[in-house]
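# Need the 3D shape of this:
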Amino acid sequence: MADRETALTEPRLVRWLLLGAALLFLGFFLFVPLLLVFTKALEDGWQAYVAAVIDPIALAAVKLTLLTAGLVVPLNLLFGLAAAWAIARFRFRGKGFLITLIDLPFSVSPVISGMMFVLLFGAQGFFGPWLAEHDWKVIFAVPGIVLATLFVTSPMVARELIPLMQSQGSDEEEAALTLGASGWQTFFRVSLPKIRWGLLYGVILCNARAMGEFGAVSVVSGHIRGLTNTLPLHVEILYNEYQFSAAFAVASLLTLLALATLAVKSVIEWRMSR
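Sure, this is the predicted structure:
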């Protein structure tokens, strides 16, 4: 047994070198930037930090960010469940094409995604004249921000659930149906408990991406202060105006969100491994 462990285990020096390289990478690309964000945010003191965070324009950006995430995440949850259920439980023509469409936002630049919505719903876009005739505003307004964020985050939940549901199979669902359970009873009492941690994992990733999205939202928002600026856009404006302490103060809110997401993600991964 000892010979086998020796054969399958790297020498102690190699393990320490690999561990040191990993820690050095994390320190340089993760911990040092995090430390710098909070250091710069508090550079002018707590009063300046609080003033930047509670500024009316910053609060408007927070509200818009939360509103966007509050609309996008439930829609992506429903879409992800439906898509994963169809792909994992049924055989039909075009399944590969459907999976490709789900993965499309991963391969398209967020800026291109935003331009796509401008070409569709902008003043000179395909639906622009009709929208103007009915006095409906999509681009440079909240609906455009929601649509752009919805597009770039659409694969998050589905991509977590599809491999999970495929690996679990459908034996338990078939047994429940054989014993007389209805479709909804089977879903809520058998299927949903099996995928609950994967579903929550996808929702957390979707929420983090929705709140931190920049490229697509930047194209469709118009950068109207207090109206169409989300938190990432507000940080960019403050930084471009050389208000560095205020920019880092607002950025620290997104950093805290990222840390909280990472913590919850780690807990879910631990529960899933159990």
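# where do the helices sit along the stretch 151-274 of the chain?
155-168, 171-178, 183-186, 192-212, 215-221, 231-240, 244-273 (DSSP state H, counting those that start in this stretch).
# Contact partners for Val142?
Counting by C-beta atoms under 8 Å, 6 or more residues apart in numbering, Val142 makes contact with 64, 67-68, 228. (Each C-beta comes from the backbone N, C-alpha and C, glycine too.)
# Among the residues you listed, which pair sits farthest apart?
Within the contacts of Val142, Leu67 and Thr228 form the most distant pair, 11.5 Å apart (C-beta to C-beta).
# okay, those two: which has more neighbours?
Ranked by neighbour count (other C-beta atoms under 10 Å), Leu67 and Thr228 place Thr228 first, with 21 against 14.
# so who does the more buried one touch?
By C-beta under 8 Å, 6+ apart, the neighbours of Thr228 are 64, 140-142, 145, 221-222.
# Tell me where the stretch 151-274 of the chain is predicted with low confidence.
272, 274 (pLDDT under 70).
# Roughly how far does Phe15 sit from Phe29?
Rather than Phe, residue 15 is Arg. 22 Å (C-beta to C-beta, to the nearest Å).
# Actually, Ala176.
Ala176 sits 47 Å away from Phe29, going by C-beta to C-beta.
# out of those two, which sits in the busier spot?
Using other C-beta under 10 Å as the criterion, Ala176 and Phe29 rank with Ala176 on top: 18 against 9.
# I'd like to know how many residues surround the nearest residue to that one once chain neighbours are set aside.
Nearest non-adjacent residue to Ala176, counting by C-beta to C-beta, 6 or more residues apart in numbering: Thr186, 4.5 Å away. If you count neighbours by other C-beta under 10 Å, Thr186 ends up with 19.
# Could you do Trp16 as well?
So Trp16, with other C-beta under 10 Å, has 11 neighbours.
# Also Cys206?
28.
# got the contact list for it?
Per C-beta under 8 Å, 6+ apart, neighbours of Cys206: 72-73, 76-77, 80, 153, 156-157.
# Closest one of those to Pro129?
The closest of the contacts of Cys206 to Pro129 turns out to be Val72 (C-beta to C-beta; 27.6 Å).
# From Val157, how far out is the closest one?
With C-beta to C-beta as the criterion, Val72 and Val157 are 11 Å apart.
# hmm, back to that, single out the most deeply packed of the helices of the stretch 151-274 of the chain.
helix 215-221 (a mean of 23; mean count of other C-beta atoms under 10 Å).
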